[in-house]
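Asks: coords please:
(2 chains)
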Amino acid sequence: NAGVMQNPRHLVRRRGQEARLRCSPMKGHSHVYWYRQLPEEGLKFMVYLQKENIIDESGMPKERFSAEFPKEGPSILRIQQVVRGDSAAYFCASSPDRAGGYTFGSGTRLTVV
Amino acid sequence: RKEVEQDPGPFNVPEGATVAFNCTYSNSASQSFFWYRQDCRKEPKLLMSVYSSGNEDGRFTAQLNRASQYISLLIRDSKLSDSATYLCVVNIGPGSNYQLIWGAGTKLIIKP
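Replies: Presented below is the predicted three-dimensional model:
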């Protein structure tokens, strides 16, 4: 059982470019969550998805950020026109249901230069 | 008031000592509770769920006090490898799409 797989582990983008972060949940998990963690800060919820549906996007910035979890393939977090303030660790987690604990991926560390 | 509050620490504790942290939550409808551990620059990992009756896993004991709305984590005979940030997590339940609310973490440093 491969666990939650995120790639890339590290991503460097210039200001104005697009960043695409991928997350494959654990086998059998249909609930995916994206979190952002700034240096020396706690985890901040961004979005919760189930297959093909966004359940809760209350933590997503209104502009430039989008997420999807298609029927086939990984969940994608997309950041358009990145700015330096987007530099952070982005963690994906998955769970088999809504009430239990999550399993996290190793994260993608985005650096905007 | 934050939904989940933790003392950020750091707690500097000698190896072998016992250490305890509390975490308070504001939503009385909260349904499930967890402690996660996060090492520097790594992903959070589930340490233990917290049950109403309290639960123990080796050197770790978790307690829930619904009346006072807090959970606690006790670590006995602390090891150097226990140094990490401990995150308190609360599941609000169906009213908030079962969203997990995360505390900012308590940093623990075990000294030899």
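Asks: Could you use CA atoms for every contact and neighbour count after this?
Replies: Fine.
Asks: Next up, the contacts around the closest residue to chain A within chain B.
Replies: Residue of chain B nearest chain A, by CA to the nearest CA: residue B:104 (4.3 Å). With contact taken as CA atoms under 8 Å, 6 or more residues apart in numbering or on different chains, residue B:104 is in contact with A:41-43, B:5-6, B:8, B:87-88.
Asks: From those, which land in strands?
Replies: If you go by DSSP state E, the contacts of residue B:104 have A:43, B:5-6, B:87-88 in strands.
Asks: Name the nearest of these relative to residue A:90.
Replies: Ranked by distance to residue A:90 (CA to CA), the ones in strands among the contacts of residue B:104 are led by residue A:43 at 9.1 Å.
Asks: Give the burial count for the closest residue to the closest one other than its chain neighbours, as a bare number.
Replies: Leaving out its chain neighbours, the residue that sits closest to residue A:43 by CA to CA, 6 or more residues apart in numbering or on different chains is residue A:37, at 4.8 Å. Residues within reach of residue A:37, counting by other CA atoms under 10 Å in any protein chain shown, total 18.
Asks: Show me which of the contacts of residue B:104 are buried.
Replies: By neighbour count, with 16 or more other CA atoms under 10 Å in any protein chain shown, the contacts of residue B:104 hold A:42-43, B:5-6, B:8, B:87-88 as buried.
Asks: Including distance to residue A:104, could these go into CSV?
Replies: What follows is these, written out as CSV (distance: CA to CA, whole Å):
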residue, distance to residue A:104
A:42, 15
A:43, 12
B:5, 22
B:6, 21
B:8, 22
B:87, 14
B:88, 15
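Asks: Who does the helix or strand of chain B with the lowest mean pLDDT pair with, and is each partner parallel or antiparallel?
Replies: One helix or strand of chain B scores below all others by mean pLDDT, DSSP states H and E: strand B:100-102, with a mean of 85. If you go by DSSP bridges, strand B:100-102 pairs up with strand B:84-91 (antiparallel).
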